[in-house]
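Enquirer: Sequence below, structure please.
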Amino acid sequence: MGAAQGMGVDVAQFTAELDRGLYRALIEADIEEGRRAGVDGTPTFFINGQELPEPTLDGFKSLIDETLKEVARKPAR
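Expert: Numbering: from 1, shown residues only. Reported below is the predicted structural model:
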């Protein structure tokens with residue numbers, strides 16, 4: 001929790017909220033959304049709905065460039 005304190009988080013309040021389960025529904029919804037998308041580990045990145053197969057700078061660049069090409073090919077609405 002030292003990092004959280006360094007960012008100005010009220011650690012006592014945050015811990016109390018976790019203990020009450022305040023964020024449980026949000027976390028479970030995120031986990032379920034990940035399962036539906038086929039996520040089986042973290043970190044997993046998606047760009048425009050497509051999973052990034054290689055989370056490296058070159059991987060990001062390649063998928064972003066591919067996505068931009070696809071967008072450019074689509075007719076304007």
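Enquirer: So what touches whatever helix or strand Ile27 lives in?
Expert: Following DSSP states H and E, one finds Ile27 within helix 24-36. Helix 24-36 is contacted from outside by Thr44, using C-beta atoms under 8 Å, 6 or more residues apart in numbering. Yep, even glycine has a C-beta here, placed from its N, CA and C like the rest.
Enquirer: now that helix, how far from the centre of its chain.
Expert: Mean C-alpha position of helix 24-36 versus that of the full chain (C-alpha atoms, centre = their mean, to the nearest Å) differs by 11 Å.
Enquirer: Could you do stretch 17-29 as well?
Expert: 17 Å.
Enquirer: State the distance spanning the first to the last residue of it.
Expert: 18 Å (C-alpha to C-alpha, to the nearest Å).
Enquirer: Next secondary structure after the helix holding Ile27?
Expert: Downstream of helix 24-36 (by DSSP H and E), the next one is strand 46-47.
Enquirer: now what about that next one, what contacts it?
Expert: Ala37, Leu52, Phe60, Leu63, Ile64, Thr67.
Enquirer: Show me the domain layout of this protein.
Expert: 1-40, 45-77 (automatic domain parsing).
Enquirer: Quick one: mean pLDDT for the shortest one?
Expert: Confidence for domain 45-77, expressed as mean pLDDT, is 89.
Enquirer: Could you give the number of residues near Glu66?
Expert: Residues near Glu66, counting by other C-beta atoms under 10 Å, number 13.
Enquirer: for the residue most central in space within the chain, phi and psi?
Expert: With distances taken as C-alpha atoms, centre = their mean, the residue of the chain nearest its centroid is Phe45 (6.4 Å). When read as degrees, to the nearest 10, the backbone of Phe45 gives phi -120, psi 140.
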